[in-house]
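Asks: Build the 3D model from these lines:
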Amino acid sequence: MKEIVVISGKGGTGKTSVTASFAVLGGGDIVTADCDVDAADMHMLMDPDFAVSEEFMSGELAVIDHSLCSQCGKCARVCRFDAIDLVNGRFRIDPVSCEGCGYCARICPEKAISMQEQKAGDVYISTTKTDAPMVHAKLGTNAENSGRLVAKVKNEAKRIALETGRNIVLVDGSPGIGCPVVSSLSGADYIIFVTEPTVSGLHDLKRVNELRKIFDIPAGCIINKSDLNSEMAKQITDYLDQEGIQFIGNIPYDESFTKAMTNRQTIVEYDGSETGRSLSEYWKTITEQLMQGEK
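Replies: All right, here's what the predicted structure looks like:
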């Protein structure tokens, strides 16, 4: 089994559109994992059925039992996050401000404060329009531990792939270089960077590539909207060559992307798109390389 992770150094590069296109091209032979849990939107193109849903519990919040509270105020005085206030004669904990450190519970003389595990999001296992499994999730508002939720999504996808004999897990990772990206890259066999020919595109590609080098994972890169700035696109390909990153290919600016999305389609499903044909060739090249390496 091989794991392909699609990431970008910044948002808005077309990462999810490319990943969804590859998911359609992979058909029923792959398992897709949407690990962009902070802003999950791949489901809008894959039409999942949300057949299985599971609450994701992570992190703790302090809760006051007012039947035990003596109103001494020690908890409010020690809280460094100003999460505890006196409201209408009762101390109350603001769940948004509480960081779950547990100090208030430790110092409460009446043991009136307990730490309770919180729901941080939901995990879904679906069948998509390609009759393939998809594991996806939604992180709750103000919830923490997106990295752990990413790990949960990936582990479920791998489990399904092993149980059903599928050879590829395709992961839509988060943009940037934070904790969710680190979790997305863990255990990957190949990384696909999606970037754009702009100063910020190259800058953020360099940042995320530094992270890739820590994991020592082979990678390739697709330049989206490559014809908008040919000089910058050349700088990117020069950088890829310098860093030993495979240049997978260009995607020129194509209004068909938008037209396809309004029809809830990927670009590879949209009739007559040259971009769709290019992505089909890119997917074939990537998967053939990976499968040859497994033999």
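Asks: Next, the one residue sitting closest to the centre of the chain: phi, psi?
Replies: Nearest residue to the geometric centre of the chain (CA atoms, centre = their mean): residue 36, 2.1 Å. Backbone torsions of residue 36, given as degrees, to the nearest 10, read phi -90, psi 70.
Asks: I'd like the distance between it and residue 176.
Replies: 10 Å (CB to CB, to the nearest Å). (C-beta placed from N, C-alpha, C; glycine too.)
Asks: go on, residue 215?
Replies: In terms of CB to CB, residue 215 sits 15 Å off from residue 176.
Asks: How about residue 202?
Replies: Distance, residue 202 to residue 176, by CB to CB: 15 Å.
Asks: Quick one: mean pLDDT for stretch 54-68?
Replies: The predicted model assigns stretch 54-68 a mean pLDDT of 92.
Asks: Give me the contacts around it.
Replies: The contact list for stretch 54-68 (CB atoms under 8 Å, 6 or more residues apart in numbering) reads 75, 83-84, 90-93, 95, 98, 100, 102, 104-105, 110-125, 137, 143-145, 148-149, 152.
Asks: can you give me how far that stretch is from the chain middle?
Replies: Offset of stretch 54-68 from its chain centre (CA atoms, centre = their mean, to the nearest Å): 26 Å.
Asks: Please, where are all the strands along this protein?
Replies: Counting by DSSP state E, the chain has strands at residues 2-8, 30-34, 52-64, 84-87, 90-93, 113-127, 133-139, 168-175, 190-195, 219-224, 246-251.
Asks: angle of the second one against strand 2-8?
Replies: Taking axes from the mean of the first three to the mean of the last three CA atoms, to 10 degrees, strand 30-34 and strand 2-8 form an angle of 30 degrees between their directions.
Asks: Tell me what angle strand 30-34 forms with strand 113-127.
Replies: If you take the same axes, to 10 degrees, strand 30-34 sits at 140 degrees to strand 113-127.
Asks: who's in contact with the residue nearest to residue 11 when sequence neighbours are not counted?
Replies: Leaving aside its sequence neighbours, residue 11 sits nearest to residue 175 (CB to CB, 6 or more residues apart in numbering; 4.3 Å). Applying CB under 8 Å, 6+ apart, we find residue 175 in contact with 7, 8, 9, 10, 11, 13, 15, 36, 181.
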